[in-house]
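A.B. asks: predicted model and sequence follow; I will ask about them next.
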Amino acid sequence: MSAKLAVQQFGQGPDLVLVHGLGASRAFWYPRLAAPLAAQHRVTLYDLRGHGYSERTQDGYSASAQADDLLRLMDAQNIERAVLIGHSYGGGIVLEAALRAPERCRALCLMDTRIQRLQPELRLHDAQPLTPFEQAVAASQPGEGENSWEHEREVGFRFIEAAARCVTGNIELEVRDEVTPFGEGRGAKRAAQAWLHLLDHTAARAEFLEAGATLDEIQRLRVPALLMYASHTRALKSAQALQAAWPQARFLQIPRSGHFFPMSHSEICLEHLRQFLGELP
């Protein structure tokens with residue numbers, strides 16, 4: 001089932017398509033990255049299915065299904081070929097799109113992306129200790145026994161859900177990270193409510209966990225690739241597996257950064273992106 005997607009496009013030059021992660025919207029990219037990049041490129045942003053102002057459907061939320069959304073959007077926007085840039089789950093979507101239609105992918109940039117097939121679980125010990133904000137979110141909904149955070153196999157998804165329930169339940173946390181899920185202000189509660197509705201009333205919760213492309217399929221992809229990860233990433237296993245699969249890929253980590261570094265460390269992120277884009281054939 002196709003979905004109506006909210007999209008915006010600006011700038012002139014070679015095409016870039018930026019794909020945000022779960023629980024976010026196209027506003028994630030603007031103004032810190034998208035606006036500066038538009039000085040030399042045509043930049044396309046859109047809200048994922050079920051996010052922001054895009055249509056919420058009953059299903060179609062796996063990375064593979066949303067890769068079809070992306071390719072249909074490129075058709076509608078007359079984008080023949082583009083550099084595909086994705087953060088977090090958005091990176092899984094652009095990877096699936098590149099595998100589906102490699103001739104339409106000039107290059108790939110994955111930002112702190114976990115690839116389900118390469119990293120089937122995401123646990124607390126897959127990164128350095130939790131930040132004070134993450135500790136506060138976890139403490140607000142601790143769970144017991146097999147439901148404890150220590151036994152959780154999908155820490156990333158659970159953390160986004162727990163953060164949303166803090167927002168909608170008016171649970172006041174005394175600490176904040178530099179960037180937090182759903183943001184601050186009046187729009188935070190609306191975004192958190194929309195996320196929980198997506199989890200509770202559609203097939204998204206299960207479909208987000210679908211494995212997607214095989215390692216063999218990933219290894220056969222030969223496009224320029226930039227793998228940009230946080231210094232405190234929980235997706236390092238994915239990054240290492242992608243490095244092994246793609247000899248042509250450039251890997252780097254943003255110093256002293258967490259998962260949302262495209263927002264919190266946008267200047268250095270932009271610097272690396274511009275260098276990568278400037279070297280493309």
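C.D. replies: Okay, I see it. A quick note: this is a predicted structure, and the numbers were derived from the prediction, not measured.
A.B. asks: can you give me the strands in this structure?
C.D. replies: 7-10, 15-19, 42-46, 82-87, 105-111, 225-230, 250-254 (DSSP state E).
A.B. asks: could you dump those strands into CSV and include mean pLDDT and distance to Lys189?
C.D. replies: C-beta coordinates here come from the backbone N, C-alpha and C atoms, glycine included. Below are the strands of the chain laid out as CSV (pLDDT from 0 to 100; distance: least, C-beta to C-beta, whole Å):
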stretch, mean pLDDT, distance to Lys189
strand 7-10, 98, 24
strand 15-19, 99, 25
strand 42-46, 99, 23
strand 82-87, 99, 23
strand 105-111, 99, 27
strand 225-230, 98, 27
strand 250-254, 98, 30
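A.B. asks: mean neighbour count and distance to Ala204 added to those strands, as CSV?
C.D. replies: CSV is the format used below for the strands of the chain (neighbours: other C-beta atoms under 10 Å; distance: least, C-beta to C-beta, whole Å):
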stretch, mean neighbour count, distance to Ala204
strand 7-10, 14, 20
strand 15-19, 26, 16
strand 42-46, 23, 17
strand 82-87, 27, 18
strand 105-111, 24, 21
strand 225-230, 24, 25
strand 250-254, 16, 29
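A.B. asks: for the helix or strand of the chain with the lowest mean pLDDT, what is the distance to the chain centroid?
C.D. replies: Counting by mean pLDDT, DSSP states H and E, the weakest-scoring helix or strand in the chain turns out to be helix 132-140, with a mean of 90. For helix 132-140, the separation from the chain centroid amounts to 22 Å (computed by C-alpha atoms, centre = their mean, to the nearest Å).
A.B. asks: could you list the buried residues of it?
C.D. replies: Across helix 132-140, burial judged by 16 or more other C-beta atoms under 10 Å covers Phe133, Glu134, Ala136, Val137, Ala138.
A.B. asks: what about the residue nearest to the second one when sequence neighbours are not counted, how many neighbours?
C.D. replies: Spatially, and ignoring its direct neighbours in sequence, Glu134 is nearest to Phe159 (6.7 Å; C-beta to C-beta, 6 or more residues apart in numbering). Phe159 is surrounded by 22 other residues when neighbours are defined as other C-beta atoms under 10 Å.
A.B. asks: just to revisit the earlier point, so which elements touch the least confident helix or strand of the chain?
C.D. replies: Counting by 3 or more C-beta pairs under 8 Å, 6 or more residues apart in numbering; DSSP states H and E, the packing neighbours recorded for helix 132-140 are helix 155-168.
A.B. asks: helix 132-140 and the helix it packs on, what's the angle between them?
C.D. replies: Helix 155-168 and helix 132-140 are oriented at 80 degrees to each other (axes from the mean of the first three to the mean of the last three C-alpha atoms, to 10 degrees).
A.B. asks: from the contact counts, what lies against helix 155-168?
C.D. replies: For helix 155-168, the packing partners by 3+ C-beta pairs under 8 Å, 6+ apart are helix 132-140, helix 186-201.
A.B. asks: pull the CA atoms of the shortest one into CSV?
C.D. replies: Think helix 132-140. Only the C-alpha atoms of helix 132-140 are listed here, as CSV (Å, rounded to 0.1, in the frame of the first residue of the first chain):
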residue,chain,number,x,y,z
PRO,A,132,22.2,10.8,32.6
PHE,A,133,19.1,11.5,30.5
GLU,A,134,19.0,7.9,29.2
GLN,A,135,19.4,6.7,32.8
ALA,A,136,16.5,8.8,33.9
VAL,A,137,14.3,7.5,31.0
ALA,A,138,15.2,3.9,31.9
ALA,A,139,14.5,4.5,35.6
SER,A,140,11.1,5.9,34.9
